[in-house]
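Chemist: Quick one: sequence plus predicted model below, questions after.
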Number of protein chains: 2
Amino acid sequence: MASYHHGDLRRVLLSTAAEAIAESGPAALSLRELARRAGVSHAAPAHHFGDKAGLLTAFATQGFDLLADALRQAGDDLLDTGVAYVGFAVRHRAHFDVMFRPELYRADDPELVAARARSGDVLREGVARHTGREPDADALAAWSIVHGFATLWLSGALPPRVGDDPEAAARTVIRRLFD
Amino acid sequence: MASYHHGDLRRVLLSTAAEAIAESGPAALSLRELARRAGVSHAAPAHHFGDKAGLLTAFATQGFDLLADALRQAGDDLLDTGVAYVGFAVRHRAHFDVMFRPELYRADDPELVAARARSGDVLREGVARHTGREPDADALAAWSIVHGFATLWLSGALPPRVGDDPEAAARTVIRRLFD
DNA sequence: GTGCCATCTTGTCAATGACAAGTTAGGGTG
DNA sequence: CACCCTAACTTGTCATTGACAAGATGGCAC
């Protein structure tokens, strides 16, 4: 085995990419390095994804689907949904890092657009349940505050005094929006 | 002229980098392309910045200083400060893109640390003026919402219905935090 | 058993970042 | 005013990378 017809290569490459990106960011991602880690030739990734942008498009799509799942599992409370958003960013850092950097992938890819819409719907439903009216400004504010907190947390820009539990800190911050 | 001792190379490279990054993101930045645009040899940038991370460190430092200036000029009202934060992100997109991506540069560089602290101070002072008490959770919430909105705006993830004026939209969103 | 075709390989090219070693000029020193 | 000394920039080179072309392999339908 491990010769021709790996069979599972596409899936393996995506999960290997998650590790590599989590280690050193999307900018440092190398297709050849992925191939090496997966034990295949340097051109194997290109067959499944076309090029680097193709791989990251698939990766971002997977990310939006994972996000939709995570938000759904958080239940009906909007505060929990917000915390789940931050939790997703921390737990799936690599995906989150790529998803909101459209210059790295093909943002008009149909599958990606669909997955992004799915996660957006879950978020908007959560806000609508909470406010009772049509989202818009409320949803945008809620999305902004959780997205901003997650981004700042991941960037390491937050002062140490915030603590080391992102979800607990996020809960405190999000509450400020609903007082 | 335009031979040895360009004189202004460091400044020119930084502003050329701003253009290049604004066009295609920090990941696509090429030192050799910068050198070409500046009309110097492919190794000239390395002399001033050491390597790519060195250039981006200087670039991010410049960004934090520009941010501090922009926030100071916004005046004493916290809402205006928040709008100015978003305005900075939109107007200095390239800097903003790099500043919160520490894996691209040397986050422990002394000059960078100082510049980052300066802009952080301005933000925290604004929040302290508004709430009257010590910042912490309030500052974090305010920072999160403006940073999140700016990031989402730049990523193009926001639905078209938000409009095309980021600062007006930001004002609406930020108000949600202070009701 | 035969052919087909997705899957993967080997080979190659231009571009890039990093480094080494050389060249130039301008400012301070004697 | 001659010297040199050093910062600023150059040319040259190497390993690595992304992309592409062309070939090899083997499972599967018929």
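Modeler: Ah, there it is.

Chemist: Got the confidence number for the residue of chain A found nearest DNA strand D?
Modeler: Proximity of chain A to DNA strand D (C-beta to the nearest atom of the strand) peaks at A:Asp51, 3.2 Å away. Just so you know, the C-beta spots here come from the backbone N, C-alpha and C atoms, and that holds for glycine as well. With respect to pLDDT, A:Asp51 scores 97.

Chemist: Backbone dihedrals for it, please?
Modeler: phi -150, psi -170 (degrees, to the nearest 10).

Chemist: list the contacts for it?
Modeler: Applying C-beta atoms under 8 Å, 6 or more residues apart in numbering or on different chains to A:Asp51 gives no contacts.

Chemist: just A:Leu71 next, same as before
Modeler: If you count contacts by C-beta under 8 Å, 6+ apart, A:Leu71 has them with A:81, A:84-85, A:88, A:119, A:122-123, A:126.

Chemist: Now with 10 Å, please.
Modeler: With contact taken as C-beta atoms under 10 Å, 6 or more residues apart in numbering or on different chains, A:Leu71 is in contact with A:80-82, A:84-85, A:87-88, A:118-123, A:125-126.

Chemist: For the nearest residue to A:Lys52 once chain neighbours are set aside, which residues are in contact?
Modeler: In space, and not counting its chain neighbours, A:Lys52 is closest to A:Leu31: 5.8 Å by C-beta to C-beta, 6 or more residues apart in numbering or on different chains. Applying C-beta under 10 Å, 6+ apart, we find A:Leu31 in contact with A:13, A:17, A:42-46, A:49, A:51-52, A:55.

Chemist: cutoff 7 Å now
Modeler: Going by C-beta atoms under 7 Å, 6 or more residues apart in numbering or on different chains, A:Leu31 touches A:45, A:52, A:55.

Chemist: before we move on, what about A:Phe96?
Modeler: Neighbour list for A:Phe96: A:63, A:88-89, A:150 [criterion: C-beta under 7 Å, 6+ apart].

Chemist: How about the secondary structure of the closest residue to A:His6 other than its chain neighbours?
Modeler: Spatial nearest neighbour of A:His6, chain neighbours left out: A:Val40 (6.2 Å); criterion: C-beta to C-beta, 6+ apart. Following DSSP: H, G, I helix; E, B strand; the rest coil, A:Val40 is assigned to coil.

Chemist: Starting from A:Leu34, give me the distance back to A:Val40.
Modeler: A:Val40 sits 9 Å away from A:Leu34, going by C-beta to C-beta, to the nearest Å.

Chemist: more crowded one of those two?
Modeler: Taking other C-beta atoms under 10 Å in any protein chain shown, A:Val40 and A:Leu34 do not tie; A:Leu34 has more neighbours (23 against 19).
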